[in-house]
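Visitor: just need the structure, nothing else, for what follows:
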Amino acid sequence: DSAEASPSVVFENIKTCSPNCLQMLLENISGLTADADFTVELIPEINVAVATFIKSIDTKEFVKKCSQDKRVREFKITARLLELTKSIKAENLPDSISSDYLTVFFESARSGGGPVSDVQLFPTENSAIITFCDHKGNT
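Guide: Numbering: from 1, shown residues only. You can find the predicted model right below:
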């Protein structure tokens, strides 16, 4: 068990709850405000949403509150911490992009980056997988 919990929570089986409803539900449970304190990214292809907390909260406790919430159970939504990862996927990249450029871009501290250990380009998909030396660089 990591001593550092992820600031992101995954919500699965969200198809019965509209995006606005989910956002209000999360505000009610957390006592926080969407956009100011957390963001919600919908991934409709896999019936999932990810809430990322800007304001520091105990996400483990928040997941526990979600699993006990009457409305969350009625919607049959499940919540879990997003696993910390060292890799991200960058999409919609220009054709001329180089792995060196991506390395320098994602190592920029100003962009919240960190030391990059590997970049795999996928030119046919205009994407790349960027792997950081540790999970703190992929924010």
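Visitor: so who does residue 7 touch?
Guide: Contacts of residue 7 were listed using Cβ atoms under 8 Å, 6 or more residues apart in numbering, and they are 52-54, 56, 59. The way it works is simple: take the backbone N, C-alpha and C, and place the C-beta from them, glycine included.
Visitor: can you check residue 63 too?
Guide: 9, 79-81.
Visitor: with only the CA atoms kept, save the worst-scoring helix or strand of the chain on mean pLDDT in CSV.
Guide: Confidence across the helices and strands of the chain bottoms out at strand 87-90, with a mean of 89, counting by mean pLDDT, DSSP states H and E. These are the backbone C-alpha positions of strand 87-90, laid out as CSV (Å, rounded to 0.1, in the frame of the first residue of the first chain):
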residue,chain,number,x,y,z
SER,A,87,3.5,6.4,-17.9
ILE,A,88,1.1,8.6,-19.8
LYS,A,89,-0.2,8.5,-23.3
ALA,A,90,0.0,11.7,-25.4
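Visitor: can you list the strands that that strand pairs with?
Guide: With DSSP bridges as the test, strand 87-90 is paired with strand 127-132 (antiparallel).
Visitor: pretty sure residue 10 sits against residue 82.
Guide: Yes - when contacts are counted by Cβ atoms under 8 Å, residue 10 is listed as touching residue 82 (5.1 Å).
Visitor: now do the lengthiest helix in the chain: distance to the chain's middle.
Guide: If you go by DSSP state H, the chain has its longest helix at helix 19-30. Between the centre of helix 19-30 and the centre of its chain there are 17 Å (Cα atoms, centre = their mean, to the nearest Å).
Visitor: which parts of it are buried?
Guide: 22-23, 25-26, 29-30 (16 or more other Cβ atoms under 10 Å).
Visitor: I'd like the residues you listed laid out as JSON lines, including pLDDT and distance to residue 41.
Guide: Below are those laid out as JSON lines (pLDDT from 0 to 100; distance: Cβ to Cβ, whole Å):
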{"residue": "22", "pLDDT": "96", "distance to residue 41": "11"}
{"residue": "23", "pLDDT": "96", "distance to residue 41": "11"}
{"residue": "25", "pLDDT": "97", "distance to residue 41": "16"}
{"residue": "26", "pLDDT": "97", "distance to residue 41": "12"}
{"residue": "29", "pLDDT": "97", "distance to residue 41": "18"}
{"residue": "30", "pLDDT": "96", "distance to residue 41": "16"}
